[in-house]
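[1] my questions are about this predicted structure, shown below with the sequence.
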Amino acid sequence: MYTFKGEKSMTNPPLLYKIGIEYLAKILLSTIAKIDSDFDDTDEEDNEDEMPLYMPELKNLSTRLNDLLLEELTKHMRCETHSTSSNGKFLSIFSKPIVIKKSVVPLVTVTRLDFQCCLFITDKSFSTLINQDLVELIDLRNTHITYHIFNILSQYFPRLKYLRLGKSDMKTYQDHYLHDNFLSSLFPTTINHEKSSSTFIKKSSLKVLTFEGVDLPLLDTKTNEYIQDIISLTVIHTSIRLNYLDLSRSTIINDLSCLSSLKCLNTLILYEIKPSIIEKYISQICELKMLTTLDLSCLKHDPDSYQNPTYILAKLVCSLEHLSSLDISGTNLGGSNIFKQEEELQYLCKKFNITNIDITRIKGLKLQHNYNQKTKFTRQHFSAICPDPKPLEFLGVLECDNSVSTRDYLPAKKVAGEATEVQLINAMIHYHNRSGMLGTALVQLFDFYRTETMHDPLYGGKPDNIKKNYYHYILSAISSP
């Protein structure tokens, strides 16, 4: 529809092919329901073998339309609160092989197998899709698959580039459709401790790998070490082209030595990994010279913290020259704004070739001309001596120790913190897939608006007439449950 200049056009209607795919998905789902109703009195597994869902006309669809069809089907089946074999019956559309020029190919070819939060996906059902040679993305988070499919992932799917495993932090699905009782673990308690090439993934084509939420604190130490070895060997044997690694919330991780094999890595996500583990393997992280994004954030519920925060942060920034995004939310990596440890100051001076501190070079600071050893040497002094580093594109400092987000100078174009409204909005946008961090940002935003409203006369606040003690009493009373 033509619109005049300056006139707002109406919202574009859904494209015709999308309407067609939605209609086709409804037909397939109704067919599945009819098959189930016709064979209620027989064994479900026999039904699936004897009555596959076969529609030859689907072979005329393009791969792009096939991807949309699978996406639409899984969107409907994902909402099922119980897992049965009939829920995954539509997979036979994508696994039924046909012969073309003496080659066996699937009836409907797709490039994406996004089964996140699909309870009907098991080791058996997923193994029926091994003929999908064009698949580039597989997402099996929050499903019933186990590590037994690792051998299948290694042998098949030659074009696989994106692989996501584990348990995601998506409370939207988990609260309404999923329950922990329904989710079998990626590494069950009855695990065979014998190591072989089939127990870990070997895939040279991978560019993105996610092991998210692998947390088994109740298992014995031997089993935990075995699982750690599986993850480490998988990282090592997929390291050739790997440029994105996400180990978020995998608290079973206690060894990061495998990072030394990642020469092309540019994104490393270590959200909720213990600071003591990160500090132990900080040298391996600093060797990742191509790294542009580093996430060391965590929720503030663990007393574990970095022993030498300023030293660790300076070492990371100085070693990773291409770093453009750094997230240290919930940690003490920001330091106390004062170099308290002599080791930290010595490291920084050595790194920037500073042999003698010349106080006369520090402009705008009222200091004694003779440097006193007892004088506190702050970051402000150090930045005056050294050239300013290139600002980061993003810096996450939400709920850092010592209120890092309130400091005058934060070397980043976009900051996620709690000091200002802009910082809080940035935090909500950046952490929209992390329920814990998003909840923290929302609480901080509510507190920010409440405090600003009481101070701002525009909203009826009269700070001059409110006693200081009474004001804090009101805030504490409102904050209490």
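    In hand now; what should we look at? Please read these numbers as outputs of a predicted model, since none were measured by experiment.
[2] and the residue lying closest to L392 once chain neighbours are set aside, how far from L313?
    In space, and not counting its chain neighbours, L392 is closest to A412: 4.1 Å by Cβ to Cβ, 6 or more residues apart in numbering. Where you see a C-beta, it was placed from the backbone N, CA and C, and this is true even at glycine. From A412 across to L313, the span is 13 Å (Cβ to Cβ, to the nearest Å).
[3] go on, L242?
    In terms of Cβ to Cβ, L242 sits 25 Å off from L313.
[4] I'd say the residue nearest to L392 and K390 touch.
    No: counting by Cβ atoms under 8 Å, A412 does not reach K390; the two are 10.3 Å apart.
[5] elements contacting the longest helix anywhere in the chain?
    Counting by DSSP state H, the longest helix found in the chain is helix 16-38. In this structure, helix 16-38 makes packing contacts with helix 63-77, judged by 3 or more Cβ pairs under 8 Å, 6 or more residues apart in numbering; DSSP states H and E.
[6] what's the following helix or strand after the helix it packs on?
    helix 91-95 (DSSP states H and E).
[7] any weak-confidence spans in the stretch 351-481 of the chain?
    Residues of the stretch 351-481 of the chain that meet the criterion pLDDT under 70 lie in 351-389, 452-481.
[8] same check on the stretch 101-250 of the chain?
    Looking at the stretch 101-250 of the chain by pLDDT under 70, you get 101, 104-105, 170-184, 189-198, 216-219.
[9] quick one: the strands in it?
    All strands of the stretch 101-250 of the chain, identified by DSSP state E, counting those that start in this stretch, fall at 103-106, 112-114, 137-139, 162-166, 208-212, 244-246.
[10] in a markdown table, list those along with mean neighbour count and distance to T420.
    Shown next, in a markdown table, are those (neighbours: other Cβ atoms under 10 Å; distance: least, Cβ to Cβ, whole Å):
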| stretch | mean neighbour count | distance to T420 |
| --- | --- | --- |
| strand 103-106 | 14 | 53 |
| strand 112-114 | 21 | 37 |
| strand 137-139 | 19 | 36 |
| strand 162-166 | 21 | 34 |
| strand 208-212 | 22 | 31 |
| strand 244-246 | 20 | 29 |
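[11] and these as a markdown table, adding distance to N66?
    Formatted as a markdown table, the strands of the stretch 101-250 of the chain follow (distance: least, Cβ to Cβ, whole Å):
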| stretch | distance to N66 |
| --- | --- |
| strand 103-106 | 10 |
| strand 112-114 | 9 |
| strand 137-139 | 14 |
| strand 162-166 | 18 |
| strand 208-212 | 22 |
| strand 244-246 | 26 |
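[12] can you count the residues close to S205?
    15 (other Cβ atoms under 10 Å).
[13] pretty sure it is touching L160, no?
    Yes: between S205 and L160 there is a contact at 5.7 Å, judged by Cβ under 8 Å.
[14] just to revisit the earlier point, between L242 and L313, which has more neighbouring residues?
    L242 (25 against 20).
[15] what's that one in contact with, if anything?
    L206, K207, V208, L209, V235, L262, C264, L265 (Cβ atoms under 8 Å, 6 or more residues apart in numbering).
[16] quick one: buried ones out of these?
    The neighbour count (16 or more other Cβ atoms under 10 Å) marks L206, K207, V208, L209, V235, L262, L265 as buried among the contacts of L242.
[17] how close does the fourth one get to T267?
    Taking Cβ to Cβ as the measure, L209 and T267 are separated by 11 Å.
[18] what do these two both touch?
    The overlap between the contact sets of L209 and T267 (Cβ under 8 Å, 6+ apart) consists of Y244, L245, D246.
[19] let me know the closest of those to S125.
    Set against S125, the nearest of the shared contacts of L209 and T267 by Cβ to Cβ is D246 (25.0 Å).
[20] contact partners for the closest one?
    Taking Cβ under 8 Å, 6+ apart, we find D246 in contact with R164, V208, L209, T210, F211, E212, T267, I269.
[21] quick check: the gap between the fifth one and L70.
    Okay, so that is F211. Taken as Cβ to Cβ, the span from F211 to L70 is 24 Å.
[22] cool, and the third one?
    Taken as Cβ to Cβ, the spacing of L209 relative to L70 amounts to 22 Å.
[23] picking up where we left off before, just list the residues touching the residue nearest to L392, thanks.
    By Cβ under 8 Å, 6+ apart, A412 lies in contact with L326, P391, L392, E393, F394, L395.
[24] roughly how far apart are the fourth one and L69?
    Spatial separation of E393 from L69 under the definition Cβ to Cβ is 37 Å.
[25] who has more neighbours out of the two?
    L69 (23 against 14).
[26] local confidence estimate at the nearest residue to that one once chain neighbours are set aside?
    The spatial neighbour of L69 that comes closest, neighbours along the chain excluded (Cβ to Cβ, 6+ apart), is I21 at 5.4 Å. We have a pLDDT of 90 for I21.
[27] and for V317?
    V317 is assigned a predicted lDDT (pLDDT) of 87.
[28] any idea which element it lies in?
    Under the assignment here (DSSP H and E), V317 is part of helix 309-319.
[29] need the residues that contact the next helix or strand after that helix.
    Where DSSP H and E defines the elements, the next helix or strand beyond helix 309-319 is strand 325-327. Residues from elsewhere that reach strand 325-327, judged by Cβ under 8 Å, 6+ apart: 271, 292-297, 316-317, 392-396, 412, 416, 430.
[30] buried subset of those residues?
    271, 292-297, 316-317, 392, 394-396, 412, 416, 430.
[31] just those residues: which are in strands?
    Among those, the residues falling in strands (DSSP state E) are T293, L294, D295, L392, F394, L395, G396, A412, A416.
[32] turn the residues you listed into TSV, including distance to L16.
    TSV is the format used below for these (distance: Cβ to Cβ, whole Å):
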residue	distance to L16
T293	39
L294	44
D295	41
L392	44
F394	39
L395	45
G396	42
A412	44
A416	41
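[33] tell me if I'm right that D304 and I273 touch.
    No: D304 is beyond contact range of I273, at 10.2 Å (criterion: Cβ under 8 Å).
[34] the more surrounded of these two?
    Taking other Cβ under 10 Å, D304 and I273 do not tie; I273 has more neighbours (22 against 12).
[35] so that one sits against I253, correct?
    Yes: using Cβ under 8 Å, I273 makes contact with I253 at a distance of 5.9 Å.
[36] need the residues touching each of these two.
    L247.
[37] contacts only, for the closest residue to L291 other than its chain neighbours.
    Nearest in space to L291, with sequence neighbours left out and distances taken as Cβ to Cβ, 6+ apart, is L320 at 5.0 Å. The contact partners of L320, taken as Cβ under 8 Å, 6+ apart, are C286, L288, K289, L291, L294.
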